[in-house]
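Student: Pasting the sequence and the predicted model now:
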Amino acid sequence: MEKKEDAVRFFKGIVCGVVLTAIFIVTKNGYDAKHVMFEEEKLGVVEKASVIASMLEQNYIGDFENSELAEQMYSGMANAMGDPYTIYLTKEQMDEFISEASGTMCGIGIVISMDKETGNCIINNVLEGSPAEKSGLKAGDKIISIDGVKTDGMSVVDVSALTKGQKDTKVIIGIYREGSGEKSFEITRSTIDMQYVNGKKDGDIGYIEITEFSKVTAAQFEKELLSLLKQGIKGLIIDLRNNPGGMVDVVTEIADMLLPEGIITYTVDKNGNRVDFKSEEGCIDIPIAVLVNEGSASASELLAGALQDNGRGVIIGTQTYGKGIVQGLYSLSDGSGLKITIQKYFTPDGVCIQGIGITPDYEIESDDRSASDNDKQYVKALEILNDKIKG
């Protein structure tokens, strides 16, 4: 009760000098309508929000949950920007976001993204050895419900939050799989140390898959790259397919290992302020091929664009997602936060790929992402790099 009263006082305390006149009208349908009028005074956003909260608290016949009202209002303010990447995060969502960005999480081990065409959340990647993989979930599965709650219209953050929870608790994931229809999977959550980088050697060619650019990704990439270089690779394939992006400073750290001195990317904010991200002198000196598809977004496109514009990598696959904007994360004093789109980023040649994407040098469709002989994009990358080595 004390919390509720504090919240109500918060809303009420914002209003200063607003004069209300209530007029009671008996309508022909037999109910009273209370019209609240303001003396020719335009309310600001803060004042109006507090007046609405006060009126609901005083008049609504049902239980009045001020905290829930406030959370919905905060989300609504962010949603009103019309930008799916500008969102309000509750304290719980903020904690989960920070935990996952640091490389650990308690969940089922899936990477979720938004399907641009349908607006539905899909599984981009299933982490090796995770509860999700053991249960049979697959990349490409469309998430339709979690614990019976339909996910239509939910954001990636909201859906992702529902998959996470206490260790050893169960969650039921409802999915739609092309060719198989709807399925349900009961999965036990577990603590997962996220592995965002996987690699192997294929003849003279090294292969590194990056599933997301988290805080630990650059260190994982460097470790895998150095291991492959010690094994004597003469060419490198970087697989960014279905990588939804991540942290700008992490992807630029990786780009610095691959590019000579020069521009990696630059960002521009609403006031026209430009920030350049540059690579230092020195980099690996072997040919590079990058695999991309329609699920390669944001930081993935940044890396592909930097390698393409600098002539350091040939891009193979299909047109990428087209997310050329950067979000800033802002913490609030109560533990909640905001992700706000604050900048556009540009490739070294000055192209903002927002809504456009990166066009591959070799456009090749492939439903197989196994990095094997059945993977047409991978096979093409091997062909091109082996030709470069021989040449």
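Tutor: Looks like it arrived, so ask away.

Student: so where's this structure uncertain?
Tutor: 1-41, 64, 66, 116 (pLDDT under 70).

Student: Following the strand ranked longest in the chain in sequence, what is the next regular element?
Tutor: Assignment by DSSP state E gives strand 337-346 as the longest strand of the chain. Per DSSP states H and E, the first helix or strand lying C-terminal to strand 337-346 is strand 362-363.

Student: what's in contact with the helix or strand following that next one?
Tutor: Downstream of strand 362-363, the next assigned helix or strand under DSSP H and E is helix 376-390. Outside helix 376-390, the residues that touch it by C-beta atoms under 8 Å, 6 or more residues apart in numbering are 202-205, 207, 234-237, 239, 241, 287, 289, 291, 293, 314, 316-317, 362, 364-366, 368-373. Every C-beta, even on glycine, is put in place using the N, C-alpha and C of the backbone.

Student: Can you give the strand pairings for the longest strand of the chain, parallel or anti for each?
Tutor: In the sheet, strand 337-346 lines up against strand 87-89 (antiparallel), strand 262-269 (antiparallel), strand 325-331 (antiparallel) (DSSP bridges).

Student: mind listing the helices in the stretch 101-250 of the chain by residue range?
Tutor: In the stretch 101-250 of the chain, the helices defined using DSSP state H, counting those that start in this stretch lie at 131-135, 156-163, 217-230, 248-258.

Student: gap between the second one and the chain center?
Tutor: How far helix 156-163 lies from its chain's middle: 11 Å, per C-alpha atoms, centre = their mean, to the nearest Å.

Student: Any chance of TSV for the helices of the stretch 101-250 of the chain, columns mean neighbour count and distance to Met94?
Tutor: As requested, the helices of the stretch 101-250 of the chain are exported to TSV (neighbours: other C-beta atoms under 10 Å; distance: least, C-beta to C-beta, whole Å):
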stretch	mean neighbour count	distance to Met94
helix 131-135	18	23
helix 156-163	20	10
helix 217-230	17	21
helix 248-258	21	19
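
Student: now those helices as TSV including distance to Glu280?
Tutor: Converted to TSV, the helices of the stretch 101-250 of the chain look like this (distance: least, C-beta to C-beta, whole Å):
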stretch	distance to Glu280
helix 131-135	38
helix 156-163	34
helix 217-230	14
helix 248-258	6
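
Student: and Gln72, which of those helices is closest to it?
Tutor: Among the helices of the stretch 101-250 of the chain, the nearest to Gln72 by C-beta to C-beta is helix 156-163 (12.6 Å).

Student: list the helices and strands the closest one packs on?
Tutor: helix 91-101, strand 110-114, strand 142-146, strand 170-177 (3 or more C-beta pairs under 8 Å, 6 or more residues apart in numbering; DSSP states H and E).

Student: As TSV, the ones you listed with mean neighbour count would be great.
Tutor: As requested, the helices and strands packed on helix 156-163 are exported to TSV (neighbours: other C-beta atoms under 10 Å):
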stretch	mean neighbour count
helix 91-101	17
strand 110-114	22
strand 142-146	19
strand 170-177	18
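
Student: Please name whichever of the ones you listed is nearest to Ser333.
Tutor: Of all these, helix 91-101 comes closest under C-beta to C-beta, at 10.7 Å.

Student: okay, the angle between that closest one and strand 337-346?
Tutor: Angle, helix 91-101 to strand 337-346, by axes from the mean of the first three to the mean of the last three C-alpha atoms, to 10 degrees: 50 degrees.

Student: which other residues reach helix 91-101?
Tutor: By C-beta under 8 Å, 6+ apart, helix 91-101 touches 89, 105-106, 157-158, 160-161, 164, 194, 214-215, 246-247, 329, 331, 334-337.

Student: how about 7 Å then?
Tutor: If you take C-beta atoms under 7 Å, 6 or more residues apart in numbering as the criterion, helix 91-101 is touched by Leu89, Met105, Val157, Ala161, Lys164, Ser214, Lys215, Asp334, Gly335, Ser336, Gly337.

Student: Ser190 touches Pro131, doesn't it?
Tutor: Yes. Using C-beta atoms under 7 Å, Ser190 is in contact with Pro131, at 5.3 Å.

Student: List the contacts of Leu43.
Tutor: Contacts of Leu43 (C-beta under 7 Å, 6+ apart): Val51.

Student: so is it in a helix, a strand, or just coil?
Tutor: coil (DSSP: H, G, I helix; E, B strand; the rest coil).
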